[in-house]
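**Q** Any chance you could fold what I've pasted below:
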Amino acid sequence: MVRPSGRYRSLRSRKKLAGIAIVAAAALTAAGCGGGTGSSSSNSNLSKMPTNGNTATWAEVSGFTPNYIFPFTDAAHFGTWNISDLQYLLYRPLYWFGNNEQPTVDYDLSLAGPPTFDSTGKVVTVTLKPYKWSNGETVNSDELMFWMNMMKAEKANWGGYVAPYFPDNVVSYKALSPTQFQLTFDKAYNQNWVLYNELSQLYPIPEAWDVTSLGAAAGSGGCNKSVANCAKVYNFLIAQNRDLSGYATSKIWSVVDGPWKLSSFNPNGALTMVPNKSYSGPVKPKLTAFKEEQFASDTAEFNVLKSGPGASNGVQVGYLPYSDVTASTTNPMKAGANPLSSNYTMTPWIGYGINYFPMNFNNPQVGPIIKQLYFRQALAYTVDDNAIIRSVYKGYAYVNTQGVPTLPASSTLAPGLQNDQFPFNTSKARALLVANGWSSTGDPATCVKPGTAAGDCGAGITKGEKLQFQVQYASGSQDLTTIMSALESDAGKAGISLVISAQAGQTITANDIACTPSKATPCKWQMGNWGGGWIYAPDYYPTGEDLFAKGSLANYGSYNDPTNNTLIANTLTAKNPQQAMYTWERYLAKQVPVVFMPQFANPLLEVANNLKGATPPNTFANINPENWYYVK
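**A** Residues are numbered from 1 along each chain as shown. Presented below is the predicted three-dimensional model:
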């Protein structure tokens, strides 16, 4: 899941990290078989009895406003600002992931119990719990039929789609009873992968949405009966989704099964939610209302924090911009000096993700250069990880130059890959370019040896062509501006000209998507940095198919390498999945399919001192304001 600048979320101490081994076979098997502790652990830190009532306001990230309420989210809007900050609060996925600090499934907060597999390993059955929609409808297996039929009909519009996986690898599916739903896969896969990356994509969606007009009777669209009926239902729902000003009063979107309901929504990002009194889950909201506010910049958000949570425009949960950090740390997971300590408690939030920005392999102008491995490796040598960690993030960051998260520490990451795979060295970068046909002077360097032989520039690159690229980055963050300005300068020393410009983060995520050049889709974008990389959701098992496999909609740069695709496929079916993961990870790290950047505590979360339950936060970027409460 795309995570914009400003919010990866997690809280860990180094001691607790030592005991976490996620995603590796043994750890996830235990996670898959064990129950969650969401409802109990969520309230285990109560120092006083919660006080019901009052409102809490959450600061949205500058430049990223919720603007897509339909849970069937397309690639351009497939980000936590829509999914975690809006949709999940209203509409619950089948399984809930992230159990406080643990990156595991939380069955207590899930709509279904643990899945069961038959003896072949191909057939999986899920059993629903007795949840209700706010209109009185029971959450049932026909609603999973509705979702699966929609996926079969509109998979190209699902931001989590990765060919040839879900739903392509599902041979059949059916409702066994109102509470039991069964899927049959084309082969036996790693069962943890099925839970964490396949079943994780399922939502029950209410019969009330299975319509083609506002006046139609619930279910009359027939999508839950036949895939052939789904296109017209999807088109109707997407039209409703585009009407942002009508979200709060919509006959469609007001039917919820989550803990919250919208009471107001402004297209500029400001919204208010109130408790869903029909919520069937174990943790009922204690607040009277939950609000989200948008800010023009990190500076504007910080100024509001300085005024205190009790001010008329006060924010109770916000973030500290790195430019306002007063002291560095040597431990990215431990809070240091907090300039707002009189009113707020600071928590470094480290999510289970990676930080990077994509390059467009299919751009008709610079794509042939990006396809050259030597170029991508040369560019990697111009990223000064240590300077960024020290100077910008004040120590609340760590090296991330591979496709699997460095932290939280786990046996999933191959030994040695937590180190910088391409240590900063602009001279080495320049030498690598010169050895492959580029001029030894100039910014930008030019191709002096066109051709495809060893030492030539490579296929599709002409003589005199310049190493010059247009790079957009998310506006509103001084930290990101500093990083991109430094990268522009350092890359220039190696002969790579990065022409940087700031754009709204949502503009970048909307434009920088996987594309093939055509009249309809010119594929013009070259490089784009939305500022926060990716948090692993709703595919929580970092096997790579989501971001780096051919055909994935989240493979925004259209990177395609046959060896990589084969190695990813091996991770899903290998008898020794850990070794298969290690083999793939080591290969991908040398491939540099994206521009890897240091991962960081995103954000340095600031929570009002009298507001409890907001920490420890969810490692997969979900928020649970139903856990929040005030104490006197």
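**Q** Low-confidence ranges, the chain, go.
**A** 1-50, 101 (pLDDT under 70).
**Q** quick check: domain ranges of it?
**A** Listed by automatic domain parsing, the domain ranges of the chain are 1-91+257-350+602-632, 112-244, 353-600.
**Q** how about those, which one is nearest Pro103?
**A** domain 1-91+257-350+602-632 (4.6 Å; Cβ to Cβ). Any C-beta I mention is one placed from the backbone N, CA and C, and that applies to glycine too.
**Q** show me where the stretch 101-250 of the chain has helices.
**A** 141-154, 191-193, 230-242 (DSSP state H, counting those that start in this stretch).
**Q** hang on, the earlier thing: pipe the domains of the chain into JSON lines and attach mean neighbour count and distance to Thr104 per row.
**A** As requested, these are exported to JSON lines (neighbours: other Cβ atoms under 10 Å; distance: least, Cβ to Cβ, whole Å):
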{"stretch": "domain 1-91+257-350+602-632", "mean neighbour count": "20", "distance to Thr104": "4"}
{"stretch": "domain 112-244", "mean neighbour count": "19", "distance to Thr104": "9"}
{"stretch": "domain 353-600", "mean neighbour count": "20", "distance to Thr104": "9"}
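**Q** returning to what we had before: mind checking which of the helices of the stretch 101-250 of the chain is nearest Thr516?
**A** Closest to Thr516 of the helices of the stretch 101-250 of the chain, according to Cβ to Cβ: helix 141-154, at 19.5 Å.
**Q** Any idea how far stretch 599-611 is from the middle of the chain?
**A** Centroid separation between stretch 599-611 and its chain, computed with Cα atoms, centre = their mean, to the nearest Å, is 18 Å.
**Q** gap between the two ends of it?
**A** One end of stretch 599-611 sits 28 Å from the other (Cα to Cα, to the nearest Å).
**Q** returning to what we had before: between the domains of the chain, which one is nearest to Asp106?
**A** domain 1-91+257-350+602-632 (3.2 Å).
**Q** hmm, back to that, okay, the domains of the chain in a markdown table with distance to Asn99 next?
**A** Putting the domains of the chain into a markdown table (distance: least, Cβ to Cβ, whole Å) gives the following:
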| stretch | distance to Asn99 |
| --- | --- |
| domain 1-91+257-350+602-632 | 5 |
| domain 112-244 | 13 |
| domain 353-600 | 12 |
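**Q** Quick one, which of those domains gets closest to Ser250.
**A** Ranking the domains of the chain by distance to Ser250, with Cβ to Cβ as the measure, places domain 112-244 first at 6.4 Å.
**Q** roughly how far is that closest one from the heart of the chain?
**A** Distance of domain 112-244 from its chain centroid, counting by Cα atoms, centre = their mean, is 21 Å.
**Q** rewinding a little: okay if I get the helices of the stretch 101-250 of the chain as JSON lines plus distance to Gln578?
**A** Shown next, in JSON lines, are those (distance: least, Cβ to Cβ, whole Å):
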{"stretch": "helix 141-154", "distance to Gln578": "30"}
{"stretch": "helix 191-193", "distance to Gln578": "11"}
{"stretch": "helix 230-242", "distance to Gln578": "39"}
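**Q** between these, which one is nearest to Pro93?
**A** Per Cβ to Cβ, nearest to Pro93 of the helices of the stretch 101-250 of the chain: helix 141-154, 9.9 Å.
**Q** Also compute the angle for that closest one relative to helix 230-242, please.
**A** 90 degrees (axes from the mean of the first three to the mean of the last three Cα atoms, to 10 degrees).
**Q** Quick one: list the elements packing against the strand or helix carrying Leu572.
**A** Using DSSP states H and E, Leu572 maps to helix 562-573. Packed against helix 562-573 by the contact rule (3 or more Cβ pairs under 8 Å, 6 or more residues apart in numbering; DSSP states H and E) you find helix 545-548, helix 577-591.
**Q** For the shortest one, which outside residues touch it?
**A** What it means is helix 545-548. Contact with helix 545-548 is made by 160, 162, 165, 197, 403, 534, 536, 539, 552, 554-555, 559, 564, 568, 572, 588, 593-594, as judged by Cβ atoms under 8 Å, 6 or more residues apart in numbering.
**Q** just to revisit the earlier point, of all the helices and strands packed on helix 562-573, which lies closest to Val399?
**A** Each of the helices and strands packed on helix 562-573 has some distance to Val399 by Cβ to Cβ; the shortest is helix 577-591, at 11.5 Å.
**Q** who does the helix or strand following that closest one pair up with?
**A** Next helix or strand after helix 577-591 toward the C-terminus (DSSP H and E): strand 595-596. According to DSSP bridges, strand 595-596 forms sheet pairs with strand 356-357 (antiparallel).
**Q** how long is stretch 420-435 from one end to the other?
**A** Termini of stretch 420-435 sit 23 Å apart (Cα to Cα).
**Q** Stretch 520-527 too?
**A** Using Cα to Cα, the two ends of stretch 520-527 sit 20 Å apart.
**Q** And the nearest residue to Ala601 once chain neighbours are set aside, how far from Trp81?
**A** Distances taken as Cβ to Cβ, 6 or more residues apart in numbering place Pro348 nearest to Ala601, at 3.5 Å, with adjacent residues excluded. Here Pro348 is placed at a distance of 20 Å from Trp81 (Cβ to Cβ, to the nearest Å).
**Q** and what of Ile350?
**A** Distance of Ile350 to Trp81, given as Cβ to Cβ: 19 Å.
**Q** Figure out which of the helices of the stretch 101-250 of the chain is closest to Ala491.
**A** Closest approach to Ala491 among the helices of the stretch 101-250 of the chain is made by helix 191-193 (37.2 Å; Cβ to Cβ).
**Q** so how far is the first residue of stretch 445-461 from its last?
**A** This stretch, stretch 445-461, spans 13 Å end to end (Cα to Cα).
**Q** For it, which outside residues touch it?
**A** Residues from elsewhere that reach stretch 445-461, judged by Cβ under 8 Å, 6+ apart: 367-369, 371-372, 430, 433-439, 462-467, 494-496.
**Q** nearest to Asn100, of the domains of the chain?
**A** That would be domain 1-91+257-350+602-632 among the domains of the chain, by Cβ to Cβ, at 4.8 Å.
**Q** can you pull out the strands in the stretch 401-550 of the chain?
**A** 468-474, 497-503, 527-529, 534-535 (DSSP state E, counting those that start in this stretch).
**Q** helices and strands around the last one, which ones?
**A** For strand 534-535, the elements it packs on are strand 353-354, judged by 3+ Cβ pairs under 8 Å, 6+ apart.
**Q** Show me how far the strand it packs on is from its chain's centre.
**A** 8 Å.
**Q** partners of that strand in the sheet?
**A** Checking strand 353-354 against DSSP bridges gives partners strand 534-535 (antiparallel).
**Q** which ones are touching Arg390?
**A** Contacts for Arg390 (Cβ under 8 Å, 6+ apart) come out as Ser328.
**Q** helix/strand/coil for it?
**A** helix (DSSP: H, G, I helix; E, B strand; the rest coil).
**Q** Okay, it and Met333: tell me how far apart.
**A** 17 Å.
**Q** Check Gln421 too.
**A** Per Cβ to Cβ, Gln421 is found 22 Å from Met333.
**Q** Over to Glu545?
**A** 29 Å.
**Q** again, but for Gln470
**A** Taking Cβ to Cβ, one finds Gln470 at 36 Å from Met333.
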